[in-house]
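**Q** could you work out the structure for the sequence below:
(one chain, ligands or ions: 1)
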Amino acid sequence: MRPVLYLIACAAGPTQYIDAGVRAAQAAGWDTCLVLTPSAARWWEARRDELESLTGHPVRSAYKLPGEADALPAADAMLVAPLSCTSLNKWAAGIADTLAIGLVSEGVHLGVPVVAMPYFNRAQAAQPAVPRSAQTLRDQGVTLLLGPGGYEPHPPRQGDATGFPWAAAVAALPAISETQHGSVIDREPTPRRPASRPLRP
Ligand SMILES: Cc1cc2nc3c(=O)[nH]c(=O)nc-3n(C[C@H](O)[C@H](O)[C@H](O)COP(=O)(O)O)c2cc1C
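**A** Numbering: from 1, shown residues only. From the prediction side, this is the model:
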């Protein structure tokens, strides 16, 4: 049984080519489930079925409803790539208003290895919140591939979304042997069970 990876993609340039990210993770042996932010999901709305065929799993972009079953297998690791500037800052601030951020913000404290490879330009990176957010995530144990040895923000309007280093992002994930598979407990953040006799509108 292959280890399960949640590949989590934000609405940043390389997400137009997220199939390349899925293939890179699959080539490294991961059973790859794709989670998109709501903004990124809009980019793939018309072709979501192609991503589902590629991964063999539903593509998730919204929290489930109370009482709904998990649609994906439990994750052995999570990779946020590309991580947008907005999601970086929201994640560090603890604002988990998307399933994408909810999974990683909770996952890292459940013992799931979490790697993130950002993609944004130098003007976005110049915001004072960015280094603060980066430090906050690293302090929590996130492997954030930002800066030397990772993604170096590009000059504005000079990004190369097709050249996103998927292989380097995947290579930063831990090796999980088959025997370890399933030992890391993670579930999608689960709302409390509804009351046995819920009020009806
Ligand atoms: C066409 C387009 C390309 C964008 N590219 C980037 C990008 O490469 N990096 C980035 O941080 N934000 C980029 N943005 C802005 C983000 O999409 C925006 O901040 C959004 O709120 C991010 O939300 P998300 O992280 O929930 O996906 C782009 C927006 C558009 C419309």
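
**Q** drop to CA atoms for contacts and neighbour counts, all remaining ones
**A** Fine.

**Q** who are the contact partners of the closest residue to Asp31 other than its chain neighbours?
**A** Counting by C-alpha to C-alpha, 6 or more residues apart in numbering, the nearest residue to Asp31 once its immediate chain neighbours are dropped is Val4, at 4.7 Å. Neighbouring residues of Val4 by C-alpha atoms under 8 Å, 6 or more residues apart in numbering: 30-33, 73-77, 181.

**Q** rerun at 10 Å
**A** 26, 29-33, 72-78, 176, 181-182 (C-alpha atoms under 10 Å, 6 or more residues apart in numbering).

**Q** which stretches in this protein count as strands?
**A** Listed in chain order, the strands found in the chain under DSSP state E are 4-9, 31-36, 77-83, 114-118, 143-144.

**Q** could I get these as JSON lines with mean pLDDT and distance to the ligand?
**A** Formatted as JSON lines, the entries for those read as follows, by pLDDT from 0 to 100; distance: least, C-alpha to the nearest ligand atom, whole Å:
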{"stretch": "strand 4-9", "mean pLDDT": "98", "distance to the ligand": "7"}
{"stretch": "strand 31-36", "mean pLDDT": "98", "distance to the ligand": "8"}
{"stretch": "strand 77-83", "mean pLDDT": "98", "distance to the ligand": "7"}
{"stretch": "strand 114-118", "mean pLDDT": "98", "distance to the ligand": "8"}
{"stretch": "strand 143-144", "mean pLDDT": "98", "distance to the ligand": "15"}
